[in-house]
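Novice: With the sequence up front, the predicted model follows.
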Amino acid sequence: MGPQVVGVVTVTQQSVAIDTELSGRTSAYTIAEVRPQVNGIILKRLFTEGGDVKAGQSLYQIDPSTYRATLESAQANLTALKLKAERYKQLIAINAVGQQDYDDAVSSLKQAQATLDTARINVNYTHVISPISGRIGKSSVTQGALVTADQSTALATVQQLDPIYVDVTRSSGELLQMKRDLASGVLKSAGPNQAKVRLTLEDGSAYPLEGKLQFSDVTVDQSTGTITLRAVFPNPKHDLLPGMYVRAQLLEGTNDKAILIPQASVSHDSKGNPVAMVVGATGKVEPRVLKTPRTIGNQWLVSSGLNVGDKLIVDGLQKIRPGAPVKAVPATVASTGE
């Protein structure tokens, strides 16, 4: 019957852009739950739900009447005690009052000043302000509601969305490899201990701005052996919202001497090692144990086991065995039967 006809491709090197894709979700850069610091009735809500607010912007007005009354009383008391302390200062110089009386007057003045400061702070607290800039959610209270300083329910929540986090999960082993790649220059660095990242959104569109993947401050989950990494992305138009599913691509640069082979041409031996078949110099089938660190599309990236110029068998694999003589033809001819 003669040698079995097999389709082959000649192994070559090519330039390939290499990325690592990670699944993740977005989360707010900073979250602040707004709570009252004094008791009182809400007179006004001063923001639009779902809108943007600035740090220091007034969000609610609590009825300040009782706190203003306390402030005015404290101011009047302080004025009286200041006059008394001044008189005693003059009288003690001529021994008209005792030292203890003067010390008591000074102490009362200091206590009155502290009371005034507290009253002024409480009046300021009736203006509930935003601690950060960001997007505010819905209000949990309406005008006329009674709020307390120790309540557990937030009045509203403000989330800073620019920049924004993207959280991705990797195994601890993959993290170590990524750090080695970053140190060796395989991963494109965006700064100390950071790598450049791009995003693909849920609808398949590319996010136009580039982010940075942070490798610091990570903790391994002991039950799963995985870690969560955080990428930071600029988000000036608020296109990214908390909770969105995204795909993050680490930019690993270009491999100018990459060997790519079809996935269908690779099988595995009894030990699980990837194996490819080539046509040797004598025209016989030779198995090659490969190292295939990753896939790129529908192809394997081969780091060892094949050389440039090898004739890789891609068609007719099911009809051959190692050491058998074969007739090699271009893969396109073998697959079409021409």
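Specialist: Looks like it came in fine. Numbering: from 1, shown residues only.
Novice: where do the helices sit along the stretch 1-150 of the chain?
Specialist: Per DSSP state H, counting those that start in this stretch, the stretch 1-150 of the chain carries helices over the ranges 65-93, 99-125.
Novice: and Leu250, which of those is closest to it?
Specialist: Leu250 sits nearest to helix 99-125 of all those, at 46.7 Å, using Cβ to Cβ. Using the backbone N, CA and C atoms, a C-beta is placed for each residue, glycine as well.
Novice: Would you mark the buried spots in the closest one?
Specialist: Tyr102, Ala105, Ser108, Leu109, Ala112, Thr115, Leu116, Ala119, Arg120, Asn122, Val123, Tyr125 (16 or more other Cβ atoms under 10 Å).
Novice: Would you confirm that the second one contacts Lys84?
Specialist: Yes - the pair Ala105 and Lys84 qualifies as a contact (Cβ atoms under 8 Å) at a distance of 5.3 Å.
Novice: Helices along the stretch 151-300 of the chain, start to end?
Specialist: 172-184.
Novice: Tell me where it is predicted with low confidence.
Specialist: In the predicted model of the stretch 151-300 of the chain, residues 186-193, 215-218, 252 satisfy pLDDT under 70.
Novice: The residue lying closest to Leu116 once chain neighbours are set aside: what's it in contact with?
Specialist: The shortest distance from Leu116 to any non-neighbouring residue, by Cβ to Cβ, 6 or more residues apart in numbering, is to Ala74 (4.1 Å). Neighbouring residues of Ala74 by Cβ atoms under 8 Å, 6 or more residues apart in numbering: Ala112, Thr115, Leu116, Thr118, Ala119.
Novice: now the buried residues of helix 99-125 as CSV including distance to Lys54 and pLDDT?
Specialist: Listed next are the buried residues of helix 99-125 as CSV, based on distance: Cβ to Cβ, whole Å; pLDDT from 0 to 100:
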residue, distance to Lys54, pLDDT
Tyr102, 49, 88
Ala105, 46, 91
Ser108, 42, 94
Leu109, 39, 94
Ala112, 36, 95
Thr115, 32, 96
Leu116, 30, 96
Ala119, 27, 96
Arg120, 24, 96
Asn122, 24, 96
Val123, 22, 97
Tyr125, 19, 97
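Novice: could you point out the longest strand in the chain?
Specialist: strand 14-34 (DSSP state E).
Novice: Distance from stretch 110-119 to the middle of the chain?
Specialist: 45 Å (Cα atoms, centre = their mean, to the nearest Å).
Novice: Arg321 contacts Val285, correct?
Specialist: Yes - counting by Cβ under 8 Å, Arg321 does reach Val285; the two are 6.6 Å apart.
Novice: who's more crowded, these two?
Specialist: Higher neighbour count among Arg321 and Val285: Val285, with 20 against 10, using other Cβ atoms under 10 Å.
Novice: one step back: of all the helices of the stretch 1-150 of the chain, which one comes closest to Ser172?
Specialist: helix 99-125 (46.6 Å).
Novice: Now do that closest one: distance to the chain's middle.
Specialist: Using Cα atoms, centre = their mean, the offset of helix 99-125 from its chain centre is 48 Å.
Novice: Please name the bridge partners of Thr10.
Specialist: Lys311 (DSSP bridges).
Novice: Identify all contacting residues around stretch 293-313.
Specialist: 6-13, 16, 18, 255, 258-263, 265-266, 274, 276-279, 285, 288-292, 320, 326, 328.
Novice: Please enumerate the strands of the stretch 151-300 of the chain.
Specialist: 156-171, 189-191, 194-200, 211-214, 226-233, 245-262, 266-268, 274-279, 285-289, 294-296, 299-302 (DSSP state E, counting those that start in this stretch).
Novice: hang on, the earlier thing: any idea how far the residue nearest to Leu116 is from Thr118?
Specialist: 8 Å (Cβ to Cβ, to the nearest Å).
Novice: same check, this time on Leu260
Specialist: Per Cβ to Cβ, Leu260 is found 73 Å from Thr118.
Novice: Repeat that for Thr79.
Specialist: Thr79 is 17 Å from Thr118, by Cβ to Cβ.
Novice: Would you reformat the helices of the stretch 1-150 of the chain as a markdown table and include distance to Gly56?
Specialist: Formatted as a markdown table, the helices of the stretch 1-150 of the chain follow (distance: least, Cβ to Cβ, whole Å):
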| stretch | distance to Gly56 |
| --- | --- |
| helix 65-93 | 20 |
| helix 99-125 | 12 |
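Novice: nearest to Val220, of the ones you listed?
Specialist: helix 99-125 (42.7 Å).
Novice: what's the nearest residue to Ser73 if we skip its chain neighbours?
Specialist: Of all residues not flanking Ser73 in the chain, Ala119 sits nearest, at 7.8 Å (Cβ to Cβ, 6+ apart).
Novice: Report whether the expected contact of that neighbour with Thr66 is present.
Specialist: No - under the criterion of Cβ under 8 Å, Ala119 is not in contact with Thr66, lying 10.4 Å apart.
Novice: Give the residues shared as contacts by those two.
Specialist: By Cβ under 8 Å, 6+ apart, no residue touches both Ala119 and Thr66.
Novice: Show me the beta-bridge partners of the residue lying closest to Tyr29 once chain neighbours are set aside.
Specialist: Counting by Cβ to Cβ, 6+ apart, Tyr29 lies nearest to Gln160, which is 4.6 Å off, once chain neighbours are set aside. When assigned by DSSP bridges, Gln160 has beta-bridge partners Thr30.
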